[in-house]
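Chemist: got a predicted structure plus its sequence, pasted below:
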Amino acid sequence: MKFLTLALAGAAGTLCRYFLGGWVYQWLGTQFPYGTLVVNSVGCFTIGFLGTLADERSLLGPELRLALLVGFLGAFTTFSSFTYETWNLFKAGETSLAALNVIGSFLACFIGLLLGILGARLI
């Protein structure tokens with residue numbers, strides 16, 4: 001049952017990643033990996049929030065924690081895409097955009113994580 005839960009949660013995370021990333025690219029364009037940046041930031045916020053609810057508040061049981069943090073968010077976040085897109089920017093001679101993607105992703109994701117933790121602690 002655990003594997004089925006992970007598979008279903010992973011499928012849901014994949015679909016959410018696809019639709020959110022696609023929407024962001026439609027809105028902001030494709031000249032910069034905005035979709036990946038947004039997905040990673042939202043994923044970091046969510047893992048900070050849900051992880052804190054699970055670890056500090058004991059509001060998520062082990063099964064739900066596994067489904068959400070490993071299954072859903074494991075499929076939702078896109079650091080492999082981030083790395084590949086950064087490499088492509090670098091390869092294309094867009095060193096400044098590649099650096100912006102690395103720094104922007106780190107800062108946005110770390111801030112998202114902290115906001116998620118703080119938000120969960122307010123509950």
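Modeler: In hand now; what should we look at?

Chemist: which helix or strand in this protein has the lowest average pLDDT?
Modeler: The weakest-scoring helix or strand in the chain, judged by mean pLDDT, DSSP states H and E, is helix 79-91 (a mean of 91).

Chemist: where's residue 99 relative to residue 73, distance?
Modeler: Going from residue 99 to residue 73 by CB to CB, to the nearest Å gives 27 Å. For every residue, glycine as well, the C-beta is placed using N, CA and C.

Chemist: that older thread, for whichever helix or strand comes after the least confident helix or strand of the chain, name the packing helices and strands.
Modeler: Along the chain past helix 79-91, the next helix or strand (assigned with DSSP states H and E) turns out to be helix 95-121. Under the contact criterion of 3 or more CB pairs under 8 Å, 6 or more residues apart in numbering; DSSP states H and E, helix 95-121 touches helix 34-55, helix 79-91.

Chemist: any regions of this protein where pLDDT drops low?
Modeler: Along the chain, no part satisfies pLDDT under 70.

Chemist: which one in it is furthest away from the centre?
Modeler: residue 93 (26.6 Å; CA atoms, centre = their mean).

Chemist: secondary structure element for residue 12, which one?
Modeler: Per DSSP H and E: helix 2-28 holds residue 12.

Chemist: in that helix, what's buried?
Modeler: For helix 2-28, burial by neighbour count (16 or more other CB atoms under 10 Å) applies to 6, 9, 10, 12, 13, 16, 17, 20, 21, 24, 25.
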